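Just the structure for this:
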Amino acid sequence: MSTTHAAGTRTYRASVGSQEVDLPLVEVAPGISIALLICVDQGLAFSERAGHELAELIAPFEVEVVASVATMGIPLAIEVTRALGLDDYAILHKTPKIHLQDAVTEEVKSITTAASQRLLFDRARVEAVRGRRIAIVDDVISTGGSSRAAINLIRRVGGDPVVFGALLTEAGGWRTTLGDDVAKVRALGSIPLFRRQDDGSWLEDWGEREGEDAK
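Residues are numbered from 1 along each chain as shown. Below you'll find the model as predicted:
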């Protein structure tokens, strides 16, 4: 349920496992808003509990390495790795850095960024995932563009993505984007997309979102 605060900011209360958070509604296209979860703004206690609860969902998949997308996914990857009793984790980058000049890449476009991006995987880290059972974790799966790219990239470097853990899934378009990999998704909660109506109100949309770029 969305609410409006005294300052005029509209928010949506979402359940993330056993925790509840008020997420600001952000318009990402004319007439379309999302409830924006920024994990690094939620504090250590939130990340620790969410990481442990997500780890419980993916533990049955006998994960050997946790992978996530920088930068927002790094705290979640650390907490899930710790909760699973593992030591190593792998990060898929979006920003080119000196050690990524020869990186393995996969193109992706996100609802939170205007331009196409690439996921980059450091070739020096390939042996950390090659032949191993990988859990990819992220904060939110929207229509699945970034999630699809992450799965593809892990496969390209020889890893076996056996499960995709998320704090939240958004609406339903991601199911089509992920195709056969949709069965790998385990999430702590779900949120809708929001569409502005003729009277100015915002309608919750839990259905498919064909033709929209997303995370």
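
ranges for the helices of this protein?
44-58, 73-83, 126-129, 145-156, 173-178 (DSSP state H).

got the ones you listed as TSV, with mean pLDDT and mean neighbour count columns?
C-beta: built from backbone N, CA, C; applies to glycine. Formatted as TSV, these follow (pLDDT from 0 to 100; neighbours: other C-beta atoms under 10 Å):
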stretch	mean pLDDT	mean neighbour count
helix 44-58	97	19
helix 73-83	96	22
helix 126-129	97	17
helix 145-156	96	22
helix 173-178	94	20
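
I'd like those as TSV, with distance to residue 97 appended.
TSV is the format used below for those (distance: least, C-beta to C-beta, whole Å):
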stretch	distance to residue 97
helix 44-58	24
helix 73-83	14
helix 126-129	17
helix 145-156	16
helix 173-178	28
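
out of those, which comes closest to residue 188?
Nearest to residue 188 among those is helix 44-58 (5.8 Å), distances taken as C-beta to C-beta.

Could you list the residues in contact with the closest one?
With contact meaning C-beta atoms under 8 Å, 6 or more residues apart in numbering, helix 44-58 is reached by 16-19, 21, 39, 75-76, 78-80, 82-84, 135, 137, 163, 165-167, 186-188.

relative to helix 73-83, how tilted is it?
60 degrees (axes from the mean of the first three to the mean of the last three C-alpha atoms, to 10 degrees).

tell me how far helix 44-58 is from the chain's mean position?
Offset of helix 44-58 from its chain centre (C-alpha atoms, centre = their mean, to the nearest Å): 14 Å.

Numbering from 55 from now on, please.
Taking 55 as the first residue, the last one we looked at is helix 98-112.

ok, now how distant is the most far-flung residue of the chain relative to its centre from residue 123?
Ranked by distance from the centre of the chain (C-alpha atoms, centre = their mean), the top residue is residue 253, with 32.2 Å. Separation of residue 253 from residue 123 (C-beta to C-beta, to the nearest Å): 38 Å.

same thing with residue 131?
Remark: distance between residue 131 and residue 123 (C-beta to C-beta) = 9 Å.

show me where pLDDT drops low in this protein?
Within the chain, the segments meeting pLDDT under 70 span 55-62, 163-169, 262-269.

among the helices of the chain, which is nearest residue 171?
When those are compared by C-beta to C-beta, helix 199-210 sits nearest residue 171, at 8.5 Å.

name the helices or strands packed onto the closest one?
Helices and strands touching helix 199-210, by 3 or more C-beta pairs under 8 Å, 6 or more residues apart in numbering; DSSP states H and E, are strand 119-123, strand 143-146, strand 158-162, strand 171-175, strand 187-195, strand 214-224, helix 227-232.

Quick one: these as a markdown table, columns for distance to residue 248 too.
Compiled in a markdown table, those are given as follows (distance: least, C-beta to C-beta, whole Å):
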| stretch | distance to residue 248 |
| --- | --- |
| strand 119-123 | 24 |
| strand 143-146 | 28 |
| strand 158-162 | 23 |
| strand 171-175 | 24 |
| strand 187-195 | 14 |
| strand 214-224 | 10 |
| helix 227-232 | 14 |
